[in-house]
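J.: no sequence on this one, just coordinates:
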């Protein structure tokens, strides 16, 4: 393969990387702060896409309002779930929340499928990019869809803002304190429980956002998150469980790697990430950006 | 009419019925049709409940036309989840416990092959309508399995030839990396070269299932073939076509050649996304007056227009039942004999013959072009017929078949 084609694939990989980054960012925030392995993240991503589609069907809402509304709705669903179900499991073994979120995933997928089949009579729904972003743009070295450029850009901005908020602001400091040492934080008069719920909502909202962004590229269907979530977990592990920077950098890197792999030797495209995971874990068991357990 | 005559007629009918019934020998006094299908997964819309409904309609129409069978044909629908092992278990269970005499539909090649194996061992007729692999009438053929409606050879032969002859003589093909895709890619390349077309690069095997096809579309952009051929099916096909449009390949002069296309794929994405694409189908609902008439009946009963798979299930069920009527028994060896070499015409299968040597059901098929929304005259008006390939030329010639019963 010539260098230009390789460059094109590197660039193209950033699109999938954007989705991996947004999803693993949410997972990392939730795991890093709450120690919840949220298996439901893929289903919530799908709910983001489905909500955007449903808002369009029911209220004629276009892409832009959905881009704001759908993550909010998904975030709110997350808040309700954390408050009503997940919060009861803190202090129990992690396998409990894993089983719960896995069960909720199956439930959500089947519910959405029933709704889609009965209401819209299609198992995968059409969703087109907004007019302003449809069409292609000639970048000189490649003709690329405008919408995909937008996805890369927005994902970068969102990742940067999330990182800044958590690392550099007072809000971030409270969140970090609430999870590092809840008792001391409480002593400062901070309602730790509310902050935990809020963080879960935001992390889940990020998955919803990724879902809305995915709707115009992939078809909206009940199982769209199922496959993606496996890769995303691998990304989180490679980046280092709970590391925000790690999940973002690894997300984009894995996207690029998979695209180049798909172009060079297609059958390996989906396996590449797991090979990478195995290699990284051999050298750095806590992931590329992760701190060893004791150091936290 | 006089009351007396009416009573007389009624008495005659009542006495005649058992006499008629005795003239046919049926196991457990009924013909049972088992629709082995996907009731919950990716193919549930193109076959699924619609296929069950189609088989029920065939049973009802058959019983109305053949009083000897009145209320003696039953239809059961079973979900095989597109999995070979489930298909195998469910087929065996239907045959052993429910005394099913014939299996029909069977989407997904691997599930169809598994069910066909059960049919062979239990000596029950299987009519595969929705499964595509040519193995069913080649190395995996058996005495009790019949392949109805379509297969990969017919798709490739039809579309490969039509597209190449219309000027699309340079191709780049991607295919899902499993039996169906590998087979279809091979057949398609053969049809292209036969018509003096060529592949500009070796075909790429994509993971299955797969959602992101951008790498291959970008490759197509730089290869500049006249046709981007996709052998993906169902949900994967919908994603390929969606992204083909997103990357604007059509405007760059790269056409779209589709291996296997169902009406539901077009519905899932909207007609404009598929507009102009070429495909081969055995049938479509507004093909002609006869097809429209049947489809109207189906739509009234089911609430949706039939896909060609569902229409095929009706036709296959009816063909089987008529063979039972000719054999005067549902004993499978006799029915197979009645089916072999049989020539017929119905709203679905035109100029049809059942080839005795490999049980391929030969019928006229059509190359079609997908209409854009603006070109559609009514709801569901999806295809323009470009040509009809006569039954004798549509399918794999017997000389090439590897089937030995």
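T.: Alright, I've got the coordinates. Predicted, not measured: the structure shown is a model, and the values here were computed from it.
J.: now the nearest residue to residue B:234 once chain neighbours are set aside: how far from residue B:82?
T.: Excluding its sequence neighbours, the residue lying closest to residue B:234 (CB to CB, 6 or more residues apart in numbering or on different chains) is residue B:42, at 4.9 Å. The C-beta positions use only the backbone N, C-alpha and C, and glycine is treated the same way. Distance of residue B:42 to residue B:82, given as CB to CB, to the nearest Å: 7 Å.
J.: residue B:153 too?
T.: To residue B:82, residue B:153 is 22 Å away according to CB to CB.
J.: ok, residue B:148 next?
T.: 19 Å.
J.: who has more neighbours, the two?
T.: residue B:148 (29 against 21; other CB atoms under 10 Å in any protein chain shown).
J.: separation between the more buried one and residue B:63?
T.: Here residue B:148 is placed at a distance of 21 Å from residue B:63 (CB to CB).
J.: same deal with residue A:172?
T.: 73 Å.
J.: now do residue A:235
T.: Distance from residue A:235 to residue B:63, by CB to CB: 59 Å.
J.: and these two? which has more neighbours close in?
T.: residue A:235 (31 against 17).
J.: that one contacts residue A:250, correct?
T.: Yes: in this structure residue A:235 lies within contact range of residue A:250 using CB atoms under 8 Å: 5.1 Å.
J.: what do these two both touch?
T.: Contact criterion CB atoms under 8 Å, 6 or more residues apart in numbering or on different chains; residues shared by residue A:235 and residue A:250: A:20, A:24.
J.: near chain B, which residues of the stretch 1-150 of chain A are found?
T.: The stretch 1-150 of chain A has residues A:4-5, A:8-9, A:12, A:15-16, A:117, A:121-126, A:129, A:135-136, A:142-145, A:147-148 near chain B, with proximity defined as CB under 8 Å from any CB of the partner chain.
J.: name the nearest residue to the one residue in the stretch 51-200 of chain B that gets nearest to chain A, sequence neighbours excluded.
T.: Per CB to the nearest CB, residue B:177 is where the stretch 51-200 of chain B lies closest to chain A, at 5.9 Å. Closest residue in space to residue B:177, ignoring its immediate chain neighbours: residue B:205 at 4.0 Å, by CB to CB, 6+ apart.
J.: next, that neighbour: secondary structure please.
T.: Using DSSP: H, G, I helix; E, B strand; the rest coil, the structure places residue B:205 in strand.
J.: that one pairs with what?
T.: Beta-bridge partners recorded for residue B:205 (DSSP bridges): residue B:175.
J.: which stretches in the chain count as helices?
T.: This is for chain A. A:3-34, A:41-59, A:63-84, A:94-115, A:146-168, A:170-180, A:182-187, A:192-214, A:224-239, A:244-264, A:272-283 (DSSP state H).
J.: hmm, I had chain B in mind actually
T.: B:3-22, B:48-65, B:84-97, B:109-122, B:152-165, B:179-194, B:214-223, B:234-246, B:263-269, B:271-274, B:289-302, B:308-327, B:332-339, B:391-394.
J.: save these as CSV, and put in distance to residue B:378 too.
T.: As requested, these are exported to CSV (distance: least, CB to CB, whole Å):
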stretch, distance to residue B:378
helix B:3-22, 43
helix B:48-65, 20
helix B:84-97, 37
helix B:109-122, 33
helix B:152-165, 25
helix B:179-194, 32
helix B:214-223, 33
helix B:234-246, 23
helix B:263-269, 14
helix B:271-274, 12
helix B:289-302, 11
helix B:308-327, 18
helix B:332-339, 37
helix B:391-394, 28
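J.: ok, which of those helices comes nearest residue B:363?
T.: When the helices of chain B are compared by CB to CB, helix B:391-394 sits nearest residue B:363, at 5.1 Å.
J.: tell me which other helices or strands that closest one touches.
T.: helix B:152-165, strand B:361-362 (3 or more CB pairs under 8 Å, 6 or more residues apart in numbering or on different chains; DSSP states H and E).
J.: and of the ones you listed, who's closest to residue B:108?
T.: helix B:152-165 (13.3 Å).
J.: list the helices and strands the closest one packs on?
T.: helix B:179-194, strand B:255-258, strand B:278-281, strand B:365-370, strand B:383-389, helix B:391-394.
J.: how about a cut-off of 6 Å?
T.: Packed against helix B:152-165 by the contact rule (3 or more CB pairs under 6 Å, 6 or more residues apart in numbering or on different chains; DSSP states H and E) you find helix B:179-194, strand B:278-281, strand B:365-370.
J.: now it: buried residues?
T.: B:152-164 (16 or more other CB atoms under 10 Å in any protein chain shown).
J.: quick one: average pLDDT of it?
T.: In this model, helix B:152-165 carries a mean pLDDT of 94.
J.: residues contacting the residue in the stretch 101-250 of chain A that chain B sits nearest to?
T.: Residue nearest to chain B within the stretch 101-250 of chain A (CB to the nearest CB): residue A:136, separated by 4.1 Å. Counting by CB atoms under 6 Å, 6 or more residues apart in numbering or on different chains, residue A:136 touches A:143, A:145, B:248.
J.: restricted to strands, list those.
T.: Of those, the ones assigned to strands by DSSP state E are A:143, A:145.
J.: in CSV, list the contacts of residue A:136 along with neighbour count, pLDDT and distance to residue A:246.
T.: Below are these laid out as CSV (neighbours: other CB atoms under 10 Å in any protein chain shown; pLDDT from 0 to 100; distance: CB to CB, whole Å):
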residue, neighbour count, pLDDT, distance to residue A:246
A:143, 18, 90, 33
A:145, 24, 95, 29
B:248, 19, 93, 36
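J.: which residue does the stretch 151-296 of chain A have closest to chain B?
T.: residue A:262 (4.0 Å).
J.: assess the claim that that residue and residue B:215 are in contact.
T.: Yes: using CB atoms under 6 Å, residue A:262 is in contact with residue B:215, at 4.0 Å.
J.: neighbour-wise, which of those two wins?
T.: residue A:262 (29 against 26).
J.: gap between the more buried one and residue A:231?
T.: Per CB to CB, residue A:262 is found 13 Å from residue A:231.
J.: residue B:256 too?
T.: Going from residue B:256 to residue A:231 by CB to CB gives 28 Å.
J.: residue B:296 now?
T.: Using CB to CB, residue B:296 is found at 47 Å from residue A:231.
J.: quick one, which of the two is more surrounded?
T.: Neighbours were counted for residue B:296 and for residue A:231 using other CB under 10 Å; residue A:231 has more, 24 against 13.
J.: contacting residues around that one?
T.: Residue A:231 neighbours (CB under 6 Å, 6+ apart): residue A:273.
J.: likewise for the one 3 residues further on?
T.: Contacts were defined as CB under 6 Å, 6+ apart; by that measure residue A:234 touches A:273, A:274, A:277.
J.: apply 8 Å and report the result again.
T.: A:254, A:273, A:274, A:276, A:277.
J.: buried members of the residues you listed into ChimeraX, please.
T.: Typed into ChimeraX, the line below selects the buried ones among the contacts of residue A:234, using 16+ other CB under 10 Å:
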select /A:254,273,276,277
